[in-house]
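A.B. asks: give me coordinates for this.
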Amino acid sequence: MNEIDFYMSLIDEKEANRILKFCNKNVKSGSLELKKTKIKTIFRGNEQVKKGKKTLYNTYWSSISKHQLDLPLDLTEKEFIIGMNEITREIPDYVKFANLKLRFPDKIQQYLEKIKKNIENNKSMFDLGLEFENEGEVVEYLNKISYFNNNEQLNLLINKFYAMAVKENLIKDNTKKIENIKKWSLIDLYSEVNNIEASNNVVIKYAYIKTHTDMSKDISNTLALDILIELLLKFSQNKLKIDDTELNKHVEVINSFKENTKKIELERKEKDKEYKKIIRDVQKDISNREVELNSLKNKINSLEVELKEVVTQRDKMNNLKNKNNELEKILIDEKLKCKQFEKNIKLKNEYYEYAFGIDEENDQKVFGIILSNDMDIKITKTIFNEVEFISLNKWKEKINSINIVYIQRQGISSRKLNEIKKYCSEHDITNKVISIDNEKTLIESISRIKHNERGI
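C.D. replies: Modelled structure (predicted):
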């Protein structure tokens, strides 16, 4: 709901008729709802409104301006809202809303929703939770709304009471006959007041105020107060009942100020108690929280130590796990190597059995080989147990048991070689010199001898 629609929801038949008349429209036809619809159309600028030769371009603003209350212009937003909320005399809600729009047009949207909810809940439309927070704010507010700080309001009040006193013949207004009064100084006024009858003092002072508008506020307020007191004394002495409406209006304002001041003072005291209690509770809560905080810090420190230990243990476990994985991998590799080695050995055994024709049941030596003393032939002896391997220094002891002998050339001197060959020839032992550099060539040579030469 926008502000125009909201304003329309507040107005009554009387206000609707006033707006239509202001806009030069028919006020007698149609229901209140039809009138409101017509006014909305006008306020939104869909119909032009002319006042004489002048066209109104913002009819909404022009219309609500007619409701402007006579309030001090220097009221702050907070002071205005509090004051409007505390006005006890009957003022329609649409008039209050209009004054908020006139005073603070940029803040309407900020308060619109809150005001709408207050009205829906049968609360004061300006019950927005704003309060004076200290005595200084109250004093400042009271000074602003006081008659003594509003010369225009004060003059209107004096004029009203003065006119009533003249009407009731309590004083005789002859200020027009004192033509030179506007030329008086304060000294002249003081001298004149002291020289004339007391009953005429109020007339002279009133004339002086009317003709000396450039006086200081203090002097003007002092004279105004003297005039009001003298007029009230005259009313009291003659037991004159002042117009009930006007008198009650001012008495009501004064009482309202007194009630508000008393209420604000009580609220301030209650607030002070409440604030002190809140401060105590907050301080206690802070103390408790500091204890909890220290406890939490100690617990955190303890947990950090435990965490470091757990991390260390975890790292150790990870290292062990990694080491175990490495060992398992090595074990798997070694098992594979072992299986491959066993397979190779088996294949070699099968090969040797086939290639070299090993006969385990026959221990007869098929031939002999004389080798130098410095050759290691352990593997060869294992493979070829049917061959007689004869060391150089024991050749004569074993050579007679075989018919064929092979003699290593490397590592045996020519003299020794000739001696062996001569002995073999004398004893009918077949012999042959072969070249053997190491155990590998020895195995190869024996293999060839067995399968290719089959003897010499």
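A.B. asks: ok, Gln313 - how many residues close by?
C.D. replies: As a burial measure, Gln313 scores 10 neighbours (other CB atoms under 10 Å). (C-beta placed from N, C-alpha, C; glycine too.)
A.B. asks: tell me which element it is part of?
C.D. replies: Here Gln313 sits within helix 244-356, counting by DSSP states H and E.
A.B. asks: packing partners for the helix or strand that comes right after that helix?
C.D. replies: Going down the chain from helix 244-356, the next helix or strand is strand 367-371, by DSSP H and E. Taking 3 or more CB pairs under 8 Å, 6 or more residues apart in numbering; DSSP states H and E as contact, the helices and strands that strand 367-371 lies on are strand 387-391, strand 404-408, helix 439-448.
A.B. asks: list the buried residues in the helix or strand just after the second one.
C.D. replies: When you say that, I think you mean strand 404-408. Later in the chain than strand 404-408, the nearest helix or strand by DSSP H and E is helix 414-426. By neighbour count on 16 or more other CB atoms under 10 Å, the buried set for helix 414-426 is 417, 420-421, 423-424.
A.B. asks: want to throw those into a markdown table with pLDDT and distance to Gly30?
C.D. replies: Listed next are the buried residues of helix 414-426 as a markdown table, based on pLDDT from 0 to 100; distance: CB to CB, whole Å:
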| residue | pLDDT | distance to Gly30 |
| --- | --- | --- |
| Leu417 | 92 | 153 |
| Ile420 | 92 | 155 |
| Lys421 | 93 | 157 |
| Tyr423 | 93 | 160 |
| Cys424 | 94 | 157 |
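A.B. asks: JSON lines for those, including distance to Gly45?
C.D. replies: Below are the buried residues of helix 414-426 laid out as JSON lines (distance: CB to CB, whole Å):
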{"residue": "Leu417", "distance to Gly45": "140"}
{"residue": "Ile420", "distance to Gly45": "143"}
{"residue": "Lys421", "distance to Gly45": "144"}
{"residue": "Tyr423", "distance to Gly45": "148"}
{"residue": "Cys424", "distance to Gly45": "145"}
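A.B. asks: ok, those vs Leu228, which is closest?
C.D. replies: Among the buried residues of helix 414-426, Leu417 lies closest to Leu228 (CB to CB), at 163.9 Å.
A.B. asks: which non-adjacent residue is nearest that closest one?
C.D. replies: Ile407 (6.4 Å; CB to CB, 6 or more residues apart in numbering).
A.B. asks: same question for Ile64.
C.D. replies: Counting by CB to CB, 6+ apart, the nearest residue to Ile64 once its immediate chain neighbours are dropped is Ala98, at 3.8 Å.
A.B. asks: so the one you found, which of the three states?
C.D. replies: Three-state call for Ala98 (DSSP: H, G, I helix; E, B strand; the rest coil): helix.
A.B. asks: surely it touches Trp61?
C.D. replies: No. Between Ala98 and Trp61 there is no contact under CB atoms under 8 Å: 9.7 Å.
A.B. asks: neighbour count winner among these two?
C.D. replies: Per other CB under 10 Å, whichever of Ala98 and Trp61 has more neighbours is Ala98, with 24 against 14.
A.B. asks: so which of the buried residues of helix 414-426 comes closest to Ile278?
C.D. replies: Nearest to Ile278 among these is Leu417, at 123.4 Å by CB to CB.
A.B. asks: can you give me every residue that contacts the closest residue to Leu75 other than its chain neighbours?
C.D. replies: Spatial nearest neighbour of Leu75, chain neighbours left out: Lys144 (5.9 Å); criterion: CB to CB, 6+ apart. Applying CB atoms under 8 Å, 6 or more residues apart in numbering, one finds that Lys144 lies in contact with 72, 74-75, 79.
A.B. asks: what is the subsequent helix or strand relative to the helix or strand hosting Lys144?
C.D. replies: Following DSSP H and E, one finds Lys144 within helix 135-145. Where DSSP H and E defines the elements, the next helix or strand beyond helix 135-145 is helix 151-167.
A.B. asks: and that following helix, what does it pack against?
C.D. replies: For helix 151-167, the packing partners by 3+ CB pairs under 8 Å, 6+ apart come out as helix 201-211, helix 217-237.
A.B. asks: so of these, which one's packed in deepest?
C.D. replies: helix 201-211 (a mean of 20; mean count of other CB atoms under 10 Å).
A.B. asks: give me the neighbour count for Arg18.
C.D. replies: 16.
A.B. asks: next: the one 4 residues further on.
C.D. replies: Other residues near Phe22 come to 18 when the count uses other CB under 10 Å.
A.B. asks: any stretches of the stretch 151-300 of the chain with poor pLDDT?
C.D. replies: Where the stretch 151-300 of the chain drops to pLDDT under 70, the residues are 151-153, 174-179, 196-200, 239-262, 264-265, 268, 271-272, 275.
A.B. asks: so which bits of stretch 109-124 are buried?
C.D. replies: 111-112, 115, 118.
A.B. asks: what's the farthest-apart pair in the residues you listed?
C.D. replies: Leu112 and Asn118 (10.9 Å).
A.B. asks: the residue nearest to Leu417: what's it in contact with?
C.D. replies: Contacts here follow CB under 8 Å, 6+ apart; on that basis Ile407 touches 369-370, 417, 420-421, 431-434.
A.B. asks: of the residues you listed, closest to Gln313?
C.D. replies: Relative to Gln313, the closest of the contacts of Ile407 is Ile369; by CB to CB it sits at 66.6 Å.
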